[in-house]
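Colleague: pasted the sequence and its predicted model underneath.
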Amino acid sequence: MNKPLLIRIAFVFFLIPLFTNAQTAETQKAVDSEDGVKYPQFQFKGLFQARYLESFGDNVDVMGVHHSTGDVTQSSFDIKRMRVGLNTKLSEATEVVILVNLADFKSDTKGKVLENAYAKYTFNKYIAVLGGQFRPAFGIEELVPVDIIKSFDFSNQYYEFGKNGWTSFQIGASATGNFDLGKIPVNYSVSVLNGNGKNQEKDNDNGKQYSSRLVFELSKKHKINLGLNGGIGKYSKEKVFAFGADVTSDFRLTDRFTFDLQIEYKRGTNHNLYFSLPVDTRTADVADYQMRGIYFLPNVRYQIDYKKLTSLEVSCRYERFDPSFKIDSNVRQTYTPMISLEFGKNYTGRIEMGFEIDRFDRNIPDTSTYNDNLFLIQFQCRL
């Protein structure tokens, strides 16, 4: 019997007694408690993001692609996201989540539109299981919705690790929960994934990717958390891996000023790049193609609460990412200074303005691997 099958069997037998105990507890609670709560309960969510883009790069369009012919679109309006979501609680412990991005209909919809589509069952604070299509926990950004991040969009490394099956929307199953390690609260997550992206009819091979995340709450007052991520698996019969670490903090400087900081490092096999290359141009070992990246995202928030204006935020993310640092290295450095005005609570309304500045060690003409200065104004509404 092979090792991956043994792991799956052990995982199932681990969950059976927990599921049995939880079902008994739920039944008992339903009998003993008459709290008047009716199910199912529905919660609708939505997000609209529209942008104005202007590229100041030399013959670089608003999508970051260089055109040596000079025929290039350097200013454009764009609808980035038009998300509609539904969270349904079938019982106190069971929920189903659906999220679609209608803005994906503006281009080829293959592999797009449907984002979240999963069911979750919470046994207790120690364990909850979910299955379907979701964002597996493998870093800071996977746990934060894009509409409340402190920058225009997720980092370059988030999307690259997503192409390699570790982040972004993936199909599989996961177990999450909380426990205390002495006096330190710990959050954990363990996931088993197809690893070939969202909205796929089936896995494209028999390999699976196994990932885990631990978050240690080191300071409740300053919200200092340490996250550790690790993953192994197989893709097209090749062994792949990824790991990383991250730190978040949130300091209240005065009654109105707060300063928060995110630092995240990731490294892993870039098997997506490896299998995209012609066989005669790549080495025999997929481990020769490894990506790594790190970013720093400091953010200062000033609480205004003047009429409809809630706060002013200033941030500047610096990211250094290399898609293949062992062979044909070409480091991409990205600076993203941004000013954000918040209207209402929890970013109900938000106007953001700033730049995305890309610098490569080596420019490649007629590709997106080219220096660029992109100016953005982004408007969002969420509910």
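Modeller: Good, I have the coordinates.

Colleague: now the strands for the stretch 101-250 of the chain?
Modeller: Here the stretch 101-250 of the chain has its strands, by DSSP state E, counting those that start in this stretch, at 114-124, 127-134, 170-181, 184-193, 209-219, 224-235, 238-252.

Colleague: list the contacts of S76.
Modeller: 52-53, 62 (CB atoms under 8 Å, 6 or more residues apart in numbering). (Each C-beta comes from the backbone N, C-alpha and C, glycine too.)

Colleague: whoops, F179 was the one
Modeller: Counting by CB under 8 Å, 6+ apart, F179 makes contact with 126, 185-186, 188.

Colleague: repeat that with 6 Å
Modeller: Applying CB atoms under 6 Å, 6 or more residues apart in numbering, we find F179 in contact with 126, 186.

Colleague: what helix or strand is L341 on?
Modeller: strand 332-343 (DSSP states H and E).

Colleague: send the alpha carbons of the helix or strand just after that strand over as PDB?
Modeller: Using DSSP H and E, the helix or strand that follows strand 332-343 in sequence is strand 349-360. Output of strand 349-360 as PDB, limited to C-alpha atoms (Å, rounded to 0.1, in the frame of the first residue of the first chain):
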ATOM      1  CA  GLY A 349     -16.800  52.300   0.900                       C
ATOM      2  CA  ARG A 350     -13.200  52.900  -0.100                       C
ATOM      3  CA  ILE A 351     -11.200  55.100  -2.500                       C
ATOM      4  CA  GLU A 352      -7.600  54.200  -3.100                       C
ATOM      5  CA  MET A 353      -4.900  56.000  -5.000                       C
ATOM      6  CA  GLY A 354      -1.300  55.100  -5.700                       C
ATOM      7  CA  PHE A 355       1.300  53.300  -7.900                       C
ATOM      8  CA  GLU A 356       2.500  49.900  -8.700                       C
ATOM      9  CA  ILE A 357       6.200  50.200  -9.600                       C
ATOM     10  CA  ASP A 358       7.900  47.200 -11.100                       C
ATOM     11  CA  ARG A 359      11.700  46.800 -11.500                       C
ATOM     12  CA  PHE A 360      13.300  43.600 -13.000                       C
END
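
Colleague: just the buried residues of strand 349-360, please?
Modeller: 349-350, 352-358, 360 (16 or more other CB atoms under 10 Å).
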